[in-house]
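J.: Below: sequence and its predicted model.
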Amino acid sequence: MKTYNVAILGATGAVGQEMIKILMERNFPIKELHLLASARSAGKKMWVNEKEYTVEETTENSFDGIDIVLGAAENDIAKKYLPIAVEKGAVVVDNSSAYRLDDNVPLVIPEVNPNDVKKHKGIIANPNCATIIALVALQPLHAYAHAKRMVVSTYQAVSGAGVGGIRELQQQVEAIHDNKPVEVKNFQYQIAYNLIPQIGGFNEEGYSSEEMKMQFEGRKIQSNPELSVNCTCVRVPVFRSHSESIMVEFEKPIDVEKAKVLLKDAAGVKLVDDPVNKVYPMPLDTTDQDLVYVGRIRKDMSGHENALSFWCCGDQVRKGAATNAVQIAELVIQNM
C-alpha cells in the first residue's frame, strides 16, 4: 500500500487533535506525520499511537516533501501557509472558512458531493460544522425531492468555539456552584445556564455570519443556487455535539414514511425516530462518533406544500470538522 507524508496545521487545537485521532482510527496510510503549530506550541510533546512526536513551528519550509495537509488553523494562518503548501506539491484539506466560497476551491461533504474532490487545484475546503450536519441529514431527501427552502435553528455546543469554549463553560459552572464571580472571555455573555443567540458578527439585515454560512455553503455543495435558507444560530451550554431543528420545503411531494425509508439506509445517517417511546436524537448520544442522528420527522403544519420538519444531532468536532476532513483526504488519495 502506498503511504503519504501528512502534516496537520494547527495540530494542538481541538480540531487538530481530533484529526490526529481520526487518522489513526481510520488507518490512514501515513508514512511520516508532522504536527505543525505556532511558535508558542513548538516543542510540545504529543503521543500518537504510542509514539512521541514533537510539535514543530510552522514555517514556509514545513511543507517540503508533504503530500497531504489537513488544516485546522484560523483564517489568517490558512491564507498565509496553505498556498505555500500547494506550491510545494501538497494537496490541502482546509477546515477554516478562508476558501469555502472561493470559486476555484471545491467545498465537499463526502456523503453529498464526493466527485467535487476531483475538481481541486490544490485546496479542498471543509464546510462549516452546522452546514455539514444539516446537509448530511438532508441529502437523501434532497436527492429524491429536491430541497428549495429551509428554515433552520441550530443549537451549537461550546466546543464549536474551541478548547477555550469548553474551559469557559466548565469554569463558569464551577464558579456558580462555589458562589464565585463568573468570568466571560470567549462568548458575548455568560454561557453557563444560558443561551446566546449570536455566533459571529451581524450583517445589515440582522443575520450573523454563522447563519449566512448555511445558505451560501449549502448552495455551493448541492449545486443548488436557488436554495433559500433562513437560519438562526444559538450557542448553548452543551459541551459537544450540535443540534438542529430543520423545516425543508421540497419541489416534489415527499411524505414522512418515504423520508424514513430514505434516511434508514443513507450514508452517514442513523435514523432515531420513535418519539412515542422517547427515542430521538440528543447531543449526549451523538458525541464521539461520526453519524448524524435524525428523528422527530413530521409533516409541516404551517401550510407549505411538500414540506417536512425534522431534528438532527451530530458531533461537530468529528463529523462537523475532523472526520469530514479525513474522509476528503481519503477521496484525494484514491485519485492520486
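T.: Great, that's in hand. Numbering: from 1, shown residues only.
J.: mind giving me the domain split of this structure?
T.: 4-127+321-334, 131-316 (automatic domain parsing).
J.: Between the two ends of the last one, how far is it?
T.: From the first residue to the last, domain 131-316 extends over 10 Å; the measure is Cα to Cα, to the nearest Å.
J.: Pull the distance from it to the chain's centre.
T.: The gap between where domain 131-316 is centred and where its chain is centred comes out at 11 Å by Cα atoms, centre = their mean, to the nearest Å.
J.: tell me the average confidence for it?
T.: Averaged across domain 131-316, pLDDT comes to 97.
J.: Dump the domains of the chain to a markdown table, plus mean neighbour count.
T.: C-beta coordinates here come from the backbone N, C-alpha and C atoms, glycine included. Below are these laid out as a markdown table (neighbours: other Cβ atoms under 10 Å):
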| stretch | mean neighbour count |
| --- | --- |
| domain 4-127+321-334 | 19 |
| domain 131-316 | 18 |
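J.: mind listing the helices for the stretch 51-200 of the chain?
T.: 75-87, 129-145, 163-177 (DSSP state H, counting those that start in this stretch).
J.: Val229: which of those helices is closest?
T.: helix 129-145 (9.0 Å; Cβ to Cβ).
J.: returning to that earlier point: Lys220 is nearest to which of the helices of the stretch 51-200 of the chain?
T.: Of all those, helix 129-145 comes closest under Cβ to Cβ, at 9.7 Å.
J.: name the helices or strands packed onto that closest one?
T.: Using 3 or more Cβ pairs under 8 Å, 6 or more residues apart in numbering; DSSP states H and E, the elements in contact with helix 129-145 are strand 147-156, helix 209-222, strand 242-250, helix 256-264, strand 269-271, strand 292-299, strand 307-314.
J.: From the contact counts, what lies against the last one?
T.: With contacts defined as 3+ Cβ pairs under 8 Å, 6+ apart, the secondary structure elements packing on strand 307-314 are helix 129-145, strand 242-250, helix 256-264, helix 283-286, strand 292-299.
J.: which residues touch that strand?
T.: With contact meaning Cβ atoms under 8 Å, 6 or more residues apart in numbering, strand 307-314 is reached by 132-134, 136-137, 141, 241-250, 254, 256, 259, 280-283, 285-286, 291-300, 320.
J.: Look up how far Leu291 lies from Ile123.
T.: Separation of Ile123 from Leu291 (Cβ to Cβ, to the nearest Å): 27 Å.
J.: what does Ile133 give?
T.: Taking Cβ to Cβ as the measure, Ile133 falls 10 Å from Leu291.
J.: Residues that sit against both of those two, list them.
T.: 314, 319.
J.: one step back: let's have the helices of the stretch 51-200 of the chain in TSV, adding distance to Val105.
T.: Compiled in TSV, the helices of the stretch 51-200 of the chain are given as follows (distance: least, Cβ to Cβ, whole Å):
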stretch	distance to Val105
helix 75-87	10
helix 129-145	15
helix 163-177	27
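J.: Any idea which of those gets closest to Gln17?
T.: So among the helices of the stretch 51-200 of the chain, helix 163-177 is nearest, using Cβ to Cβ, at 8.8 Å.
J.: between the closest one and strand 147-156, how big is the angle?
T.: 50 degrees (axes from the mean of the first three to the mean of the last three Cα atoms, to 10 degrees).
J.: hmm, who's touching helix 163-177?
T.: Against helix 163-177 from outside (Cβ under 8 Å, 6+ apart): 13-14, 158-159, 181-187, 190-193, 237, 239.
J.: re the thing from before, mind checking which of the helices and strands packed on helix 129-145 is nearest Lys88?
T.: helix 209-222 (27.2 Å).
J.: Would you mind pulling up the elements that that closest one packs against?
T.: Helix 209-222 sits against helix 129-145, strand 147-156, strand 228-235, with contacts defined as 3+ Cβ pairs under 8 Å, 6+ apart.
J.: Need the contact partners of it.
T.: Everything outside helix 209-222 that qualifies as a contact, by Cβ under 8 Å, 6+ apart, is 97, 100-101, 107-109, 112-113, 116, 127-128, 130-131, 134-135, 142, 147, 150, 152, 154, 156, 199-203, 224-229, 231-233.
J.: for stretch 15-26, same thing?
T.: Identification of contacts with stretch 15-26 by Cβ under 8 Å, 6+ apart yields 6, 8-11, 30, 33, 35, 37, 46, 48-49, 70, 72-73, 95, 162, 317-318, 321-323, 325-326, 330.
J.: from the middle of its chain, how far away would it be?
T.: 14 Å.
J.: Repeat that for stretch 53-62.
T.: Using Cα atoms, centre = their mean, the mean C-alpha position of stretch 53-62 is found 25 Å from that of the whole chain.
J.: Check the separation of the first and last residues in it.
T.: Terminal residues of stretch 53-62 are spaced 15 Å apart (Cα to Cα).
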